[in-house]
Structure formats: C-alpha cells, structure tokens
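>>> Structure of the sequence below:
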Amino acid sequence: MAEFLYKAQNSQGNSFEGTLEAKDRAEAEALLLRRRLIITSLKKKPTEIKIKIGSGIKTEDITRFTRMFSSMCSAGLPMLQCLNILEAQCENPELKNVVHKLTQSINGGSSLADALAQHPKVFDSLYCNMVAAGEAGGILEGILARLAETLENNQRLKRKVKKALTYPIMVIIVGIVVVIALMTFVVPTFAEQFAALDAELPAPTQVVMNISDFIRNNGAFMFIGVIIIIFAYKMIMRIPQAQFAMDKFTLKVPKLGDLQIKSATAGFARTLGTLLNAGVSVMDALKVVATTAGNKVVEKAIYKISIGIAGGKSIAEPMEEVGIFPPMVIQMTGVGEKTGNLGGMLLKLADFYDEEVDAAVDAVVSMIEPLIIVFLGGAVGGLLIAMYMPMFSMGDAIKG
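As a prediction, this is how the structure comes out:
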C-alpha cells in the first residue's frame, strides 16, 4: 500500500487536505471520488526511511483507545472532538499519528470504518466490520463498548496464558545458561587436571569433555546457527502450507492440542457472538472470524462452515462435519440458532470456555514442569557425575 497526499474540495467549496493509503493513484482517486470530493492535487508521499518492526502499537494501546473512545461517545461528544482529545492524550507516538490520520480522513468525508480500514496493521477486520455495523445501525457507542469488552477479554486470556508459561520458559533458559557455563568454564578446569594424570578417562567423562571442547571452539558459530534457524523458521512459517502443517501438528500434541482447541473455541464463540449481536450477517461474521482465528486449521474449518451455510445447512451441521469443535459447542450453537438467540448463546459459550482455557493452561504447566525438572536435573547431575568418575576410579586404585 502506498501513501498519497491530497488536496480536494467538496460541493460546498470547502477545502480539505490529508493523506490516504491506496494500492496506486487510480485507487486513491476512486476513494476520494467516493467521498464526493473534487481533487485539486494528488501525489505520492515521498518515501521515508524507517526501521520499524510491526506497527509499533501494542494490543493494550488499541484496547485503551477503544475504551476511552467508547466512553466519550457515550457522553455525547462529537466523533471528531473525541478523536482530537484521544490524539492529545496518546502516549504512543505511532498511535498518535494513526489517530491524526483518522481525523484527517473523516474531515475529508470518509466514514470511521473506512478510515480505520486504511490502517489494517492496527485495526483488524473484526474491528473495522464491527464499527461499520455500528455506523450503519446508528449504535456506534454501543458497538465500541462491546468491542472494548471483546478486546479486554482477549487480552486477559492471552495474559493468563503468558503468565502461566513464563515460569517454565524461564527455568529452561536458566538451565541452558547454567549448562553452557559449566561446559565453558568448569569442565575445562577438570580437563586440565585429568590431562596431568595422563590416564584413560571413563567414556562419559570423555564425552562431556569433547562436548565442552566443541562448545568452546564453535560457540560463535553455534550462536549464529541458532539465529539462522530462528530466522529460517519464521520465513518458512510465512508459507501457508507450512503454517497449516505446524498448526495441525500442535493440535495433536497431548494437553497442548486441548489448550489450542479450547482457546480457539473461546475466540470463535466470542467473536462470532459479538458480531451477530452487532447486526452483522452470519456469512460476513464467519469471514471475519476466520481471519482472526489464529490457527490455519481452525480457519479452514470456519470457511467450510460458511460454505455449508451457503448450501442451505444450519450452522450446527457443518460445525459437526469439520470435527474441530467439542460436541457441547455444537449442541448449544444449534439450540441458540433454533431459539433465535445465537449471539447470546455464543457469548455464554465463550465465558464457559475462558474458564476451560484456564484449566487447560494449568494442565499444560503441570505436565511441562516435571519434564523440565527431570531433563535439567538429569543434564546437570549427569555432567557432574561424569566429571567425578575419574576421581572415584583413582580412589579405588589407591585403595587397591
């Protein structure tokens, strides 16, 4: 997407200027004409050299922005005044810049949803579709409140998972650092003493010393190799087929797969329920849910559900056919559809599966922690035993 600088006038002769994002000049002109503006100047914005990873805007920033926007709209403030206040209060300079561009776009005749859609790295399809539904139905304040609640719930869920997995990850990192330190600084000291003895070393001791020598001699290459592997992994995961294969594999891993399914179910139910309650059609809502699924296998399953519905089936039938969702979810979804309260039923399911995710996280952690302790304890203990084995041999020889 390229960024264009424009100057234009409306039918009343009022002048507007600002920036907009488009694929090319023709699309930029079409966007301005759609806003019923007469273009007086349109040129591509000069390229700025910036080194930046991602959008520079955290999910917490978007959640806070949405909650404050919702509160001000509910208080009766005009949209542009809300955005001006939010821009002044933004601590994140990247978000401040985005809010400024939103204000410019709306001043130029764009709707809020169209203005948000110009920043897909910041506002995803769920966000834009819900705002569009709110503007169309005249209930933007309520939609923003629901959207803020949805973002807060998703953020709370991610925070729980992150908090639960922090301890095992830190233990692994500390354990690896300890083993490398022993191999780099402690084992060589023993090696010098053993070399002075000029005796044959036990096989485990010799293996540990060989590993130590390899790490000391090739440490820099190993570090570079790890970076290359991580980079290659990220590049490969950009390939849809590779990402699908990895997501499919993780779903089959004991405990972890269960956590993935429950987390995906909670996200599916909450997002779909929120969109349906906002007045978005089932088909449009499913398209948005699929793009925000976070798992390629679940995404493909949701697309199959939308195809089934387009073929005249109820939502519960294709949900059962894809074989991803638990039976209770399928049954309650069917009940919600029959009673005409599908959105409300899905939100209740989301609340239930949020608690199930908590239990699944605890189960994963309880499985990982003993494995980590056994592995690290075995590694450090085995290393120390291997280093002391020659001393035991010398003691036996002296007694003999």
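
>>> What count of nearby residues applies to residue 76?
7 (other C-beta atoms under 10 Å). For every residue, glycine as well, the C-beta is placed using N, CA and C.

>>> residues contacting it?
Counting by C-beta atoms under 8 Å, 6 or more residues apart in numbering, residue 76 makes contact with nothing.

>>> Then residue 353?
Counted by C-beta under 8 Å, 6+ apart, residue 353 has contacts 262, 265, 266, 269, 329.

>>> Please report the distance of the nearest residue to the second one once chain neighbours are set aside from residue 330.
In space, not counting the residues next to it along the chain, residue 265 is nearest to residue 353; the distance is 5.0 Å by C-beta to C-beta, 6 or more residues apart in numbering. Applying C-beta to C-beta, to the nearest Å, one obtains 13 Å for the distance of residue 353 from residue 330.

>>> The most centrally placed residue in the chain: what secondary structure?
In the chain, the centroid-proximal residue (C-alpha atoms, centre = their mean) is residue 294; its distance is 7.0 Å. Secondary structure state of residue 294, per DSSP: H, G, I helix; E, B strand; the rest coil, is coil.

>>> Is it correct that it is in contact with residue 267?
Yes: the pair residue 294 / residue 267 is scored as a contact, 6.8 Å apart, by C-beta atoms under 8 Å.

>>> Which helix or strand lies directly C-terminal to the host helix or strand of residue 163?
Using DSSP states H and E, residue 163 sits in helix 140-181. Per DSSP H and E, the first helix or strand lying C-terminal to helix 140-181 is helix 187-197.

>>> Where does residue 334 sit, in terms of helix or strand?
Per DSSP H and E: helix 327-339 holds residue 334.

>>> how far does that helix sit from the chain's center?
For helix 327-339, the gap between its own C-alpha mean and the chain's C-alpha mean amounts to 28 Å (C-alpha atoms, centre = their mean, to the nearest Å).

>>> before we move on, what about stretch 156-167?
Remark: stretch 156-167 is offset 13 Å from the chain centroid, using C-alpha atoms, centre = their mean.

>>> And the contacts of it?
If you take C-beta under 8 Å, 6+ apart as the criterion, stretch 156-167 is touched by 59, 259, 263, 266-267, 354, 357-358, 361-362, 364-365, 369.

>>> Dihedrals phi and psi, the spatially closest residue to residue 110 that is not a sequence neighbour?
Closest residue to residue 110 apart from its sequence neighbours, by C-beta to C-beta, 6+ apart: residue 35 at 5.7 Å. When quoted as degrees, to the nearest 10, the phi and psi of residue 35 stand at phi -90, psi 10.

>>> Report how many residues lie close to residue 35.
Look at residue 35: counted by other C-beta under 10 Å, it has 16 neighbours.
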